[in-house]
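J.: Have a look; sequence and predicted model below, questions after that.
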Amino acid sequence: AHFGRTLPLDPPDRAYRTIGGMIATNAAGISSAKYGTAIDHVESLDLILADGSFVRTRPIDVRTSDFKNFSAETGRGAELLGSLYQILRDHRGIIHAKMPPLPVNSSGYRLDRALWQSVLDLARLVTGSEGTLAIITRATLRTVAPLPVSGALVFYFESVQLAADSVRPILEAEPRSVELVDARALSRVRSSRPDLAHFCRENIQSALIVEFDGADNDEIIPRLLATQKLIVDEGGTAVDSILATAEPDVDERQAINTRYTIAQLYLVLEDYGNAAKELEAWMRVSPIVGPDAKVLLGQAYYQLGRK
C-alpha cells in the first residue's frame with residue numbers, strides 16, 4: 001500500500017493468511033474472476049527441498065540459449081528443471097487434454113502451467129502443492145495498482161439454477177468479483193435483520209453480488225448498466241436487481257443507500273473483509289455518517305482483528 005501497489009488475492013480467511021500460506025494453497029477469492037489465483041502472481045520462489053538443498057526458481061524460455069546453458073550446469077536446480085522439462089514435453093498432450101477447462105482453477109500440482117507455451121517455471125508447480133514438494137522461504141510476487149473506483153450490482157433469482165445460468169454472461173463483462181448468496185444465507189438475513197427483509201423477499205432463493213472496478217465512473221457505469229440490462233431485461237433470469245455506485249447521474253441517494261445495504265448483507269454473511277470495504281466506500285461518498293455506521297465498521301474491524 002505504501003508504494004501504491006497491492007496483491008489482489010482475497011481469500012475469505014485473508015485476515016490471518018500468510019504470503020507463504022497463500023502460495024502453498026494457490027489461494028483464490030472472490031476477485032479471482034478478474035485477477036486469478038496465487039499462481040498468476042508468483043514471479044520466483046526460494047525453496048528448500050527434501051534433501052536440504054536450496055533452489056531459486058525463475059521462469060525460463062526453453063527455446064533460448066539461456067535454458068540450454070542452465071540445463072548444462074551442475075546442481076539440484078538444473079537437474080530438477082531438466083527432468084521436469086522432459087516429463088512435461090513428453091506428456092504435454094495428455095496433460096492439457098485431461099486438465100478441465102475452468103476459468104479459475106485453484107488446485108495444486110499444475111503441470112499445465114509449469115510449461116506454459118514455451119516458458120518453463122518450477123514455481124508454478126510448487127504453488128498449490130501445500131508443502132509437499134518444497135518449503136518456501138522467500139517469494140517475489142507481481143503486484144497491481146489498485147483501481148480507485150468500484151460499483152456493485154445485486155441480482156435476485158427465484159432459484160439457484162437461474163443464478164448459476166447467469167454467471168457465464170456476467171463473467172464476460174469482466175467484473176472484479178461474483179459472489180453467490182444461497183437460500184440458506186438469505187433466510188438468515190430475513191430472520192436476523194428484519195430491516196433488510198425488503199431486499200430478500202420470500203420468493204427469492206438466490207442472489208449474486210457482482211462488483212466492478214475501474215479508473216473512474218465513466219469506465220464502470222456503462223459496464224454496470226449493460227450488465228444489469230443483460231441479466232434483468234434481456235436474459236430475464238433475474239427477477240430484480242439493485243445497483244450501487246457513487247455516480248450522481250444514477251440516482252445518487254439510492255446508490256449511496258444501496259452501498260450501505262450491501263455492506264450490511266456482507267456483515268450478516270460474516271464476510272467482514274468485504275463489509276469493511278463497502279462501509280469505507282460508502283463513508284467516502286455519503287453526506288452524513290451516523291454513529292450506527294461507525295459501530296458497524298467497528299464490528300467488522302473487530303472481527304478481522306480477532307481472526
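T.: Received it, and whenever you're ready, just let me know what you need. Everything numeric in this text was worked out from a predicted model, so none of it was measured.

J.: pretty sure E211 belongs to a strand, no?
T.: Yes. E211: assigned to a strand according to DSSP: H, G, I helix; E, B strand; the rest coil.

J.: how many other residues sit next to it?
T.: The number of residues packed near E211 is 24, by other C-beta atoms under 10 Å. C-beta: built from backbone N, CA, C; applies to glycine.

J.: Bridge partners for it, pull those for me.
T.: A152, S177 (DSSP bridges).

J.: how about it, what does it touch?
T.: Going by C-beta atoms under 8 Å, 6 or more residues apart in numbering, E211 touches 30, 150-153, 175-178.

J.: could those residues be laid out in JSON lines, adding distance to A276 and neighbour count?
T.: As requested, the contacts of E211 are exported to JSON lines (distance: C-beta to C-beta, whole Å; neighbours: other C-beta atoms under 10 Å):
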{"residue": "I30", "distance to A276": "14", "neighbour count": "20"}
{"residue": "S150", "distance to A276": "14", "neighbour count": "20"}
{"residue": "G151", "distance to A276": "18", "neighbour count": "27"}
{"residue": "A152", "distance to A276": "15", "neighbour count": "26"}
{"residue": "L153", "distance to A276": "20", "neighbour count": "28"}
{"residue": "P175", "distance to A276": "20", "neighbour count": "25"}
{"residue": "R176", "distance to A276": "16", "neighbour count": "22"}
{"residue": "S177", "distance to A276": "15", "neighbour count": "20"}
{"residue": "V178", "distance to A276": "20", "neighbour count": "22"}
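
J.: Does A28 fall in a helix, a strand, or a coil region?
T.: Relying on three-state DSSP, one would call A28 coil.

J.: That one against P11, yeah?
T.: Yes. Using C-beta atoms under 8 Å, A28 is in contact with P11, at 6.4 Å.

J.: Show me which of the two is the more surrounded one.
T.: Set A28 next to P11 and count neighbours by other C-beta under 10 Å: A28 wins out with 23 against 20.

J.: just to revisit the earlier point, which one of the contacts of E211 is nearest S129?
T.: I30 (23.7 Å; C-beta to C-beta).

J.: quick one, what contacts the residue lying closest to that closest one once chain neighbours are set aside?
T.: Nearest non-adjacent residue to I30, counting by C-beta to C-beta, 6 or more residues apart in numbering: S177, 3.8 Å away. S177 makes contact with 29-31, 33-34, 209-211 under the criterion C-beta under 8 Å, 6+ apart.

J.: What of V104?
T.: 28, 32-33, 36-37.

J.: Redo these as CSV? Include secondary structure and pLDDT.
T.: Conversion of these to CSV gives the following (DSSP: H, G, I helix; E, B strand; the rest coil; pLDDT from 0 to 100):
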residue, secondary structure, pLDDT
A28, coil, 87
S32, helix, 88
A33, helix, 86
G36, coil, 92
T37, coil, 94
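
J.: Which two of the residues you listed have the greatest separation?
T.: Farthest pair in these, by C-beta to C-beta: A33 and T37, 10.7 Å.

J.: Of the two, give the one with the bigger neighbour count.
T.: T37 (24 against 21).

J.: gap between that one and Y16?
T.: Going from T37 to Y16 by C-beta to C-beta, to the nearest Å gives 19 Å.

J.: Extract the residue ranges of this structure that are flagged as low pLDDT.
T.: 1-2, 14-15, 198, 246-259, 268, 285-293, 306-307 (pLDDT under 70).

J.: Quick one: residues contacting the closest residue to Y109 other than its chain neighbours.
T.: Nearest non-adjacent residue to Y109, counting by C-beta to C-beta, 6+ apart: S129, 6.1 Å away. Contact analysis of S129 by C-beta under 8 Å, 6+ apart lists 24, 108-109.

J.: Most neighbours of all the residues you listed, which one?
T.: Going by other C-beta under 10 Å, A24 tops the contacts of S129 with 22 neighbours.

J.: List the residues that contact it.
T.: Counted by C-beta under 8 Å, 6+ apart, A24 has contacts 127-131, 136.

J.: Within its local environment, how many residues does T245 see?
T.: Residues near T245, counting by other C-beta under 10 Å, number 27.

J.: and the contacts of S129, which of them are in strands?
T.: Among the contacts of S129, no member falls in strands (DSSP state E).

J.: Just those residues: which are in helices?
T.: Among the contacts of S129, the members falling in helices (DSSP state H) are A24.

J.: In JSON lines, list the contacts of S129 along with distance to N203.
T.: JSON lines is the format used below for the contacts of S129 (distance: C-beta to C-beta, whole Å):
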{"residue": "A24", "distance to N203": "43"}
{"residue": "G108", "distance to N203": "41"}
{"residue": "Y109", "distance to N203": "44"}
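
J.: just the contacts of S129 now: which is nearest R223?
T.: Nearest to R223 among the contacts of S129 is G108, at 33.2 Å by C-beta to C-beta.

J.: Brilliant, that's me finished.
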